[in-house]
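>>> Please find the sequence and the predicted model below.
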Amino acid sequence: MPFSAATLQSLQSIVGEKGFITDTKEIAPFLEESRGRFHGTCDVLIKPASTKEVSEVLALCNDEDIPVVPQGGNTGHCGGAVPKGGVLLNLSRLNRIRDIDPLNATITVDAGCILKDIQDTAKSADMLFPLSLASEGSCQIGGNLATNAGGIQVLRYGNMRDLTLGLEVVLPDGRIWKGLRGLRKDNTGYDLKHLFIGAEGTLGVITGAVLKLFPHPKETQTCLIGAADIYQLMDGYAQLRSVFGSDLSAFEIMPRFGVEIVAKHMEGLRDPFTRAYPWYAVVELSASRPDTNLRPALEETLHHLLEQGFFQNILMAETITQAENFWRLRESMSEAQKHEGASIKHDVSVPLSKIADFLTETGHMIQNILPDARLCTFGHAGDGNIHFNISQPVQMDKPEFLSHLPELNQIVHEMAERYHGSFSAEHGIGQIKMTEMEMFRGGSELEIMRSLKRTLDPNNIMNPGKVVPAP
């Protein structure tokens, strides 16, 4: 139902001309999900410049039963920030670094801050904010919080839940919860921040956060590993972890097919080995102490693992550029897939001890249905998060391949759950995984979520139709 002139005037009076957009051409870029799978509509795009403005907008919308979809950098993959009418609330103007406290090892930021800007501000104080994503130059920290983002260093530092000490949140009725506490010990009842982290804007709008910082690494060592099979690769990972403990900051796996398509399509990249291997891994160690001598210890350990047959080949990065190229192999994998036709993608997690079995058994099941399907299963093996992607067979057209999407989704998600994992690891639920929420999180777990939603958002204005299926 179109907004009344009075409502539009009230919204404009709250955020001013800069924050009030009704021109359809200006709004259009904000209505499409990053992979182009979801296309939305909205009556007005609102860009508030303060928490107070967010509060007044939500209070007005709550009174008039107007749906509100919060949006950050719009880099998500699940359609969670794509509106279905109503108000699209983009937080890009809330972009202040409010405070940095090196002694307390915290940084306080607006929700609209770009992740890379937070990283750079921390670095300028000789500190590290460790969340690292391929989209870090455009994604906003509010979206990272709303989806509980992970990235490549979860192994050492954890995901957004682990990196957050306090939040500022505007509730659906406009009330502001000022929970910006930079405390590591605070036993005062329920830990409310965890209600909103990962809730994808369905319970309120995150407008600010206190985030943990860490000492900036004084030494980093990166290597590329080639392995004969996934079992040996994961056994080798266990050996590395037992030797280096928390100094092991990343362990990212890649299949041969993934490396081949990156070398084929991405400028300046190639397989650094002279022969191809069934599996690869990018391994990174880092230490905040300058005298750790990580390199000789890593070289000795890798040589031992090579002799024991865990790995088939190893390359140590000799320069920063070479290390960056190892990482570009991994980070370019999704982009390279676009050049190989359609792909059916899954973001799942399983216990580390089950990764090899999960990949092997699920891969066989997929190829029993589509023998020529090309599996591109890569990701954060050190924390159990696998991107189980399936590329279109060379001899099959796109519509026929995508007709298998429901069947392949069910296999991958059911297998992840069978191995005591999760059908959604770091990309969130949005609107793409609502069926899976009913299937795998039904019963008391889903009813608790619905109860929270009804309590905090009784008018169901916050991002309706996302995350929590209606009863």
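Thanks, I have the structure now.
>>> contacts and neighbour counts: CA atoms only from here.
Fine.
>>> Spit out the contact partners of Ser288.
215-219 (C-alpha atoms under 8 Å, 6 or more residues apart in numbering).
>>> Any of those buried? List them.
Neighbour counting with 16 or more other C-alpha atoms under 10 Å marks 215-216, 219 as buried within these.
>>> Pipe those into JSON lines and attach distance to Asp372 per row.
Compiled in JSON lines, the buried ones among the contacts of Ser288 are given as follows (distance: C-alpha to C-alpha, whole Å):
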{"residue": "Pro215", "distance to Asp372": "47"}
{"residue": "His216", "distance to Asp372": "46"}
{"residue": "Glu219", "distance to Asp372": "44"}
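>>> related to what we said a few turns ago, show only the entries of the contacts of Ser288 found in strands.
Among the contacts of Ser288, DSSP state E puts 215, 219 in strands.
>>> State the number of residues packed around the nearest residue to Ser34 once chain neighbours are set aside.
Take Ser34 and drop its neighbours on the chain: the residue closest to it by C-alpha to C-alpha, 6 or more residues apart in numbering is Thr75, 5.4 Å away. Thr75: 20 surrounding residues under other C-alpha atoms under 10 Å.
>>> element containing Thr75?
Assigned by DSSP states H and E, Thr75 belongs to neither a helix nor a strand.
>>> mind checking how far it is from Met254?
For Thr75, the distance to Met254 equals 23 Å [C-alpha to C-alpha, to the nearest Å].
>>> after the helix or strand hosting Thr435 comes which helix or strand?
Element membership for Thr435, per DSSP H and E: helix 434-440. Later in the chain than helix 434-440, the nearest helix or strand by DSSP H and E is helix 444-456.
>>> what would the contacts of Ser288 look like in CSV with pLDDT and distance to Glu400?
As requested, the contacts of Ser288 are arranged in CSV below (pLDDT from 0 to 100; distance: C-alpha to C-alpha, whole Å):
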residue, pLDDT, distance to Glu400
Pro215, 93, 51
His216, 91, 50
Pro217, 90, 49
Lys218, 90, 52
Glu219, 92, 50
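>>> Make JSON lines from the contacts of Ser288 and add distance to Tyr277 to it.
JSON lines is the format used below for the contacts of Ser288 (distance: C-alpha to C-alpha, whole Å):
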{"residue": "Pro215", "distance to Tyr277": "36"}
{"residue": "His216", "distance to Tyr277": "34"}
{"residue": "Pro217", "distance to Tyr277": "31"}
{"residue": "Lys218", "distance to Tyr277": "32"}
{"residue": "Glu219", "distance to Tyr277": "29"}
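>>> what's in contact with the helix holding Thr435?
The contact list for helix 434-440 (C-alpha under 8 Å, 6+ apart) reads 417, 423, 446, 466-469.
>>> And it, what's buried?
Buried positions in helix 434-440, judged by neighbour count with 16+ other C-alpha under 10 Å: 434, 436-437.
>>> so where's the stretch 251-400 of the chain shaky on pLDDT?
Applying pLDDT under 70 to the stretch 251-400 of the chain flags no residue at all.
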